[in-house]
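1. Okay, here's the prediction I keep looking at, along with the sequence it came from:
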Amino acid sequence: ELRNMLSAAELASDAECADIADDTAAKCEEDFGPVARLIIARPGRAGLPDGAAEGRVYVQFVRLEDARKAAVGLNRVKFDDRTVETGFLPEATLDRLAELYPEQ
């Protein structure tokens, strides 16, 4: 889970979200390991699971050890003058997010 990565304007733009998702997945794969899926929780979807929030980027890695490396490596990194914070969610929560955002 990546918090503070996106502004309200970025979240409102399909093109910005797609670009950020592509860039984030590529950077995560390059620096940490294979990404299984990446979901940006955008406004306007009802039923977000507990622990999830709009505006956050959820990256699931193929290997848990890569997710741990990413959580350490990305925590407190500056992105467009915002400080990124990282965290973890249960896989079931990611599965629910994937159901809410099937287009991602």
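-> Right, received. Where do you want to start?

2. Can you give me every residue that contacts Ile40?
-> Ile40 is in contact with 6, 11, 17, 20-21, 56-58, 101, 104, counting by CB atoms under 8 Å, 6 or more residues apart in numbering. To be clear about C-beta, it is placed using only N, CA and C from the backbone, and glycine gets the same treatment.

3. redo that, cut-off 7 Å
-> By CB atoms under 7 Å, 6 or more residues apart in numbering, the residues touching Ile40 are 6, 17, 21, 57, 104.

4. Beta-bridge partners for it, please?
-> Note on Ile40: beta-bridge partners by DSSP bridges are Val57.

5. what's the distance between Arg42 and Val35?
-> Per CB to CB, to the nearest Å, Arg42 is found 19 Å from Val35.

6. Equivalent analysis for Tyr101, please.
-> Tyr101 sits 15 Å away from Val35, going by CB to CB.

7. Which one's more surrounded, the two?
-> It is Val35, of Tyr101 and Val35, that has more neighbours when counted by other CB atoms under 10 Å, with 19 against 15.

8. For the more buried one, give the beta-bridge partners.
-> With DSSP bridges applied, Val35 shows beta-bridge pairing to Phe61.

9. Please enumerate residues in contact with the helix ranked longest in the chain?
-> Taking DSSP state H as the criterion, the chain has its longest helix at helix 14-31. Helix 14-31 is contacted by residues 6, 10-11, 35, 38, 40, 42, 57, 59, 70, 73, 104 when judged by CB under 7 Å, 6+ apart.

10. Among those residues, which are located in strands?
-> 35, 38, 40, 57, 59 (DSSP state E).

11. mind putting those in TSV, distance to Thr83 included?
-> Output for the ones in strands among the contacts of helix 14-31, formatted as TSV (distance: CB to CB, whole Å):
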residue	distance to Thr83
Val35	22
Leu38	20
Ile40	18
Val57	14
Val59	17
